[in-house]
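Undergrad: I need the structure of the sequence given here:
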Amino acid sequence: MYNPRVITIASGKGGTGKTTATANLGTALALLGKKTIILDADIAMANLALILGMEKSRVTLHEVLAGEADIRDAMYKGPGGVIVVPCGVSLSGFQKANPERLQDVMIELLKGTEFLLIDAPAGLSRDGVIPLAVADEVILVVNPEISSMADALKTKIMTEMVGSRVSGAILNRANFEKTDLSMREVEKIIGVKILEVIPEDPEVRRSSAFRTPIVIRSEDAPAAVAYRRLASKMVGERFVEPETEREEGVVSRFVRSIFGE
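TA: I've put the predicted structure just below:
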């Protein structure tokens, strides 16, 4: 029997790279041999299916939340062996979906699963709060800028109000320019530990264009290495830096100096 972890990936605003982070972290966990499901709970503005090339899936979370389909019919094998539950992109599907059914859906998904990652909607609407409430832990995705910090802090407060906890944050799209907030400044503002720094990496955009997670398409790219490192931490395994990382530039050396790798 597994002791599944339900982790909601959230952000206070759109555009932080939350869905990309969910897709890559989930795929990285699956590549480590962990039974992993990623669920797109953004029933209004779903993007996970688009990122993974699954937007034509016949049955999605929309149909399940509308009571028109069984959750097992909305589970698809994704890259690296990760199981994906996409959400539909149609307006009619959104209008029929009842987000309050999400907890019942989770009960079925947790059977035989080690990790369930929920891609939450941005913001603090009812649709956005439910994924916070049903999670064992919440990971925030933030960018190194004040507006992102302010919105993440609101999400942290709401998470605590609904009885859940924020276990940490992913500092995404960090390019370490003078205008960026440092990791320590971010931790001080939002009051949680930074679990991993994901550097700004053009390979992320290229991988999205090919509908493939960067951890598969360019596994030694700086952002891919960061996601793989985080997945290893989450399962308690030592991460071995690839040779190309040991020889590259200042960004990865900076990240390794932060985490003592």
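Undergrad: So which bits of stretch 219-233 are buried?
TA: Judged by neighbour count (16 or more other CB atoms under 10 Å), stretch 219-233 contains these buried residues: 219, 221-232. Bear in mind the C-beta positions are built from the backbone N, C-alpha and C, glycine included.
Undergrad: what's the spacing between it and its chain's center?
TA: In terms of CA atoms, centre = their mean, to the nearest Å, the gap separating the centre of stretch 219-233 from the centre of its chain is 13 Å.
Undergrad: Need the per-residue pLDDT for Glu145.
TA: Looking at Glu145, its pLDDT reads 89.
Undergrad: Tell me how far the nearest residue to it once chain neighbours are set aside lies from Leu39.
TA: Distance criterion CB to CB, 6 or more residues apart in numbering; nearest residue to Glu145, sequence neighbours excluded, is Leu181 at 6.8 Å. When distance is defined by CB to CB, to the nearest Å, Leu181 is 31 Å away from Leu39.
Undergrad: One more: Glu68?
TA: The span separating Glu68 from Leu39 equals 17 Å under the rule CB to CB.
Undergrad: Then Pro121?
TA: Going from Pro121 to Leu39 by CB to CB gives 12 Å.
Undergrad: Next: Ala223.
TA: When Ala223 is compared with Leu39 (using CB to CB), they lie 23 Å apart.
Undergrad: Run through who's touching the helix of greatest length in the chain.
TA: Across the chain, the helix with the greatest residue count (assigned by DSSP state H) is helix 146-161. Residues from elsewhere that reach helix 146-161 (CB atoms under 8 Å, 6 or more residues apart in numbering): 10-13, 16, 124, 129, 132, 138, 140, 142, 165-166, 169, 181, 186, 189-192.
Undergrad: Find the residue ranges of the stretch 151-261 of the chain scoring beneath the pLDDT cut-off.
TA: Within the stretch 151-261 of the chain, the ranges that satisfy pLDDT under 70 run 177-179, 244-261.
Undergrad: Could you rerun that using 50?
TA: Along the stretch 151-261 of the chain, the parts satisfying pLDDT under 50 run over 245-247, 260-261.
Undergrad: mind listing the helices for it?
TA: Under the criterion DSSP state H, counting those that start in this stretch, the stretch 151-261 of the chain contains helices at 183-190, 202-209, 214-217, 222-235, 243-247, 250-259.
Undergrad: Those helices: which one's closest to Leu116?
TA: Across those, Leu116 has its closest neighbour in helix 222-235 (12.9 Å, CB to CB).
Undergrad: Which elements pack onto that closest one?
TA: For helix 222-235, the elements it packs on are helix 18-31, strand 194-199, helix 202-209, helix 214-217, helix 250-259, judged by 3 or more CB pairs under 8 Å, 6 or more residues apart in numbering; DSSP states H and E.
Undergrad: any idea which of those is most buried?
TA: Of all these, helix 18-31 carries the top mean neighbour count, a mean of 28, counting by mean count of other CB atoms under 10 Å.
Undergrad: ok now that one, how far from the chain's centre?
TA: Per CA atoms, centre = their mean, the displacement of helix 18-31 from the mean C-alpha position of its chain is 6 Å.
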